[in-house]
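Asker: mind folding the following:
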Amino acid sequence: MKLIYLISILFLIIINYRSVVNSIEIFKDINIIYDHLKNDIKEILEDAFTVVNHVEYFIETVNGNGYPCEHHSVITDDGYILGVFRIPYSYNNNNNNNNKTRQPILLQHGLLDSSITWIVNNANQSLPFILSDMGYDVWMGNNRGNTYSINHTRLDVKSREFWEFSFDDMGWYDLPSMVDYMIQVTGVQEIGYVGHSEGTMQAWISYSEIKGFDKKVPIYIGLGPVGNVSHITNVALKTMATYRIDDLFRIFGTKQFLPSPKLLRGLFISFCIDCPLCCEDVVEWLCGPHKGAFNQSRMPFVSGNEPGGTSLRNMVHFTQLVNSKQFQHYDYGIIGNLLHYGHEKPPLINVENIPPTVKIALFSGTKDELADTVDVKQLVSLLPPETLLSWDIIENYAHLDYVWAIDANVLVYPKIINYFNSFFNQSQS
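Answerer: Down below sits the predicted model:
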């Protein structure tokens, strides 16, 4: 695990620098790392054998903000066991007694992320806590292969088979399974949904290809919505697509891409305190830097819990989108495609097939390197006109700002709450 993570970090740091002059900065990062290791070697060795219980840590973080928290295990139809967190009610609302039925809302994270992304900031700046204070039953999902969802009913997590998945499977299995579980537990037949980044991609698949999903999730908020990535400017994914870095990881026998630090968590947090800029390079390299207002004091928390990790195949799928300039299912090659799809090429993900009864509100940013406004415009043009509530473009917002910026509670979240309030008040009347 340590070898995989260190290889990933070093690779990201090196190719993040675009010129020979800037490459000199690598040595400054390496010297800082070396000095830190040299001065604290004893403490590091002790930390290396301390396994962090991520579930307990998540619950303690939510509790520390003054909210109750539950952990649930959701089993998908293909056997993956997903960790899902729930804030059932808020102590800050006098109407929120424990026995009251509330409207469930599911929040779904983005690429290489986890549910931790929703609780990075203080309670009054974080969407789950704000929704809870407004009387909603808040659930935070985790896709297969991230920190909270590395488990299976029959597959060994160290096996190659466990890691043979991409966001296709998250749309076909993970999201529908989490929704069905929420309906079963709460007894409420309609779920509100907020997806960020990859959370929007799997939603497009669920809505367009899973029969009846639209009836269960009739309203969908997309933050940094991703479809066709023809105009992507993110250096990481473009570099990976150009140089096929998946081959590098296969040489090391790696199936998992950027796993959460786990054993190195204590070291990484301490390292981020010493060198926050180095830390930000690693965390933000794949999603682009955050441009909105950010609480820098939270970076050690972010870096101690990010990235959430995913499979190598999932990253390859993203690079395929970059190269093909199509929003399509995973490309197995001609023979593999014939076996999986019955065609030589992978099928497109057709968002125009989303039922017109679904109501969709989208938020994108002018500095978003993954969800470029040109690509989002093309995505919007394909949606059935009846579905679109609005498309808000936020000035100077980048891909992480919808969940990390401390002004999202002013620029984004009030609109989300208004959409939910309006929709569910109408649907219950």
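Asker: and the strands in the stretch 151-300 of the chain?
Answerer: Listed in chain order, the strands of the stretch 151-300 of the chain (DSSP state E, counting those that start in this stretch) span residues 192-196, 219-223, 256-257.
Asker: out of these, the one nearest residue 400 is which?
Answerer: Among the strands of the stretch 151-300 of the chain, strand 192-196 comes nearest to residue 400, with 8.9 Å by CB to CB. All C-beta atoms are positioned from the backbone trio N, CA, C, and that covers glycine.
Asker: just want the angle from the closest one to strand 219-223.
Answerer: Calculated by axes from the mean of the first three to the mean of the last three CA atoms, to 10 degrees, strand 192-196 forms an angle of 20 degrees with strand 219-223.
Asker: chain center to strand 192-196, what's the gap?
Answerer: A distance of 11 Å separates the centroid of the chain from that of strand 192-196, by CA atoms, centre = their mean, to the nearest Å.
Asker: weakest of the strands of the stretch 151-300 of the chain by average pLDDT?
Answerer: Comparing mean pLDDT across these, the weakest is strand 256-257, with a mean of 60.
Asker: residues contacting the nearest residue to residue 68 once chain neighbours are set aside?
Answerer: Excluding the flanking residues, the one nearest residue 68 by CB to CB, 6 or more residues apart in numbering is residue 88, at 6.1 Å. By CB atoms under 8 Å, 6 or more residues apart in numbering, the residues touching residue 88 are 68, 70, 98, 102, 137.
Asker: mind giving me the packing neighbours of the helix or strand where residue 375 lies?
Answerer: Residue 375 belongs to helix 373-382 when assigned by DSSP states H and E. Judged by 3 or more CB pairs under 8 Å, 6 or more residues apart in numbering; DSSP states H and E, the packing partners of helix 373-382 are strand 359-365, strand 388-394.
Asker: could you dump these to CSV with mean pLDDT and mean neighbour count?
Answerer: Listed next are these as CSV, based on pLDDT from 0 to 100; neighbours: other CB atoms under 10 Å:
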stretch, mean pLDDT, mean neighbour count
strand 359-365, 98, 25
strand 388-394, 98, 16
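Asker: can I get these in JSON lines with distance to residue 77?
Answerer: What follows is those, written out as JSON lines (distance: least, CB to CB, whole Å):
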{"stretch": "strand 359-365", "distance to residue 77": "26"}
{"stretch": "strand 388-394", "distance to residue 77": "31"}
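Asker: closest one to residue 150 among those?
Answerer: That would be strand 359-365 among the helices and strands packed on helix 373-382, by CB to CB, at 30.2 Å.
Asker: what is the orientation angle of the closest one with helix 373-382?
Answerer: 170 degrees.
Asker: about what we covered before: residues in contact with the helix holding residue 375: which ones?
Answerer: 225-232, 327, 350-352, 362, 364-366, 388, 391, 393.
Asker: that one: which residues count as buried?
Answerer: 375-376, 379-380 (16 or more other CB atoms under 10 Å).
Asker: could you dump those residues to CSV with distance to residue 131?
Answerer: Converted to CSV, these look like this (distance: CB to CB, whole Å):
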residue, distance to residue 131
375, 28
376, 24
379, 25
380, 25
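Asker: quick check, nearest of the residues you listed to residue 81?
Answerer: residue 379 (31.9 Å).
Asker: how near is residue 130 to residue 373?
Answerer: The gap separating residue 130 from residue 373 is 26 Å, by CB to CB, to the nearest Å.
Asker: I misspoke; the intended subject was residue 189.
Answerer: 36 Å.
Asker: swap in residue 53?
Answerer: 41 Å.
Asker: in space, what's closest to the residue most central in space within the chain - neighbours in sequence excluded?
Answerer: Note on the chain: the residue nearest the mean C-alpha position is residue 110, at 1.9 Å, using CA atoms, centre = their mean. The shortest distance from residue 110 to any non-neighbouring residue, by CB to CB, 6+ apart, is to residue 197 (2.7 Å).
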